[in-house]
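Asks: Sharing a model prediction with you, sequence too.
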Amino acid sequence: GENVEQHPSTLSVQEGDSAVIKCTYSDSASNYFPWYKQELGKGPQLIIDIRSNVGEKKDQRIAVTLNKTAKHFSLHITETQPEDSAVYFCAASWEGNTPLVFGKGTRLSVIA
Amino acid sequence: GAVVSQHPSWVICKSGTSVKIECRSLDFQATTMFWYRQFPKQSLMLMATSNEGSKATYEQGVEKDKFLINHASLTLSTLTVTSAHPEDSSFYICSPAPNTQYFGPGTRLTVL
């Protein structure tokens, strides 16, 4: 089955700097890669996703890149703000009626 | 995106009691519901899959007699934790298929 590795487990950046979180997946059949932000005591919130037919997607300060050959994808947050501090999870699945497999999460701290 | 509700949002119970968690998809019909649990400071792990009108399937290591799942309609799936013990304390989250990128807000279960 699918296995998703996520790095780093913790990340501290100064406000205004960029943050990058990387994930690798094992199943070449996976074609859907969402990213989630989870704040304390809340459920995961979808922030951006990418499908295997594109290599990059951007939404304001957030971007995701996908390298299908290498089976890795990354989340990029630019101009970080204190409110970006949270735990971020990557996930992978074969889109449709299949569940997501999650990475172990990255705790991002943005220092003002 | 898909709208999913869970009830209750949190529950505290005594060891040995049973707790029922409801998950509703509010704006579409979900033939399948994925149930995940998240222990403190860990990632989301798939527990079981409920299918409307048929038996649920459980991931390895999840006791089907302890975690009873019912998917009686296309908008409601329930998870009952029977004879709960402190080690069952966790955050339980549902996700409807095929909109598997969306999650309910979660239910925090604390067993004393």
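Replies: Received it, and whenever you're ready, just let me know what you need. Worth saying up front: this structure is predicted, and the values here are computed from it rather than measured.
Asks: make it CA atoms for all contacts and neighbour counts henceforth
Replies: Noted.
Asks: The spatially most central residue of chain B is in what secondary structure piece?
Replies: Nearest to the mean C-alpha position of chain B, by Cα atoms, centre = their mean, lies B:Trp35 at 4.3 Å. Taking DSSP states H and E as the definition, B:Trp35 sits inside strand B:32-38.
Asks: Relative to whatever helix or strand comes next after that strand, what are the paired strands and their orientations?
Replies: Counting by DSSP H and E, the next helix or strand C-terminal to strand B:32-38 is strand B:45-51. With DSSP bridges as the test, strand B:45-51 is paired with strand B:32-38 (antiparallel), strand B:54-58 (antiparallel).
Asks: possible to save these as TSV with distance to B:Cys94 and mean pLDDT?
Replies: Converted to TSV, the strands paired with strand B:45-51 look like this (distance: least, Cα to Cα, whole Å; pLDDT from 0 to 100):
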stretch	distance to B:Cys94	mean pLDDT
strand B:32-38	5	94
strand B:54-58	14	91
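Asks: Mean neighbour count, the ones you listed: which tops it?
Replies: Most buried of those, by mean neighbour count (mean count of other Cα atoms under 10 Å in any protein chain shown): strand B:32-38, with a mean of 24.
Asks: So which bits of chain B are right by chain A?
Replies: B:32, B:34, B:42-46, B:93, B:97-106, B:108 (Cα under 8 Å from any Cα of the partner chain).
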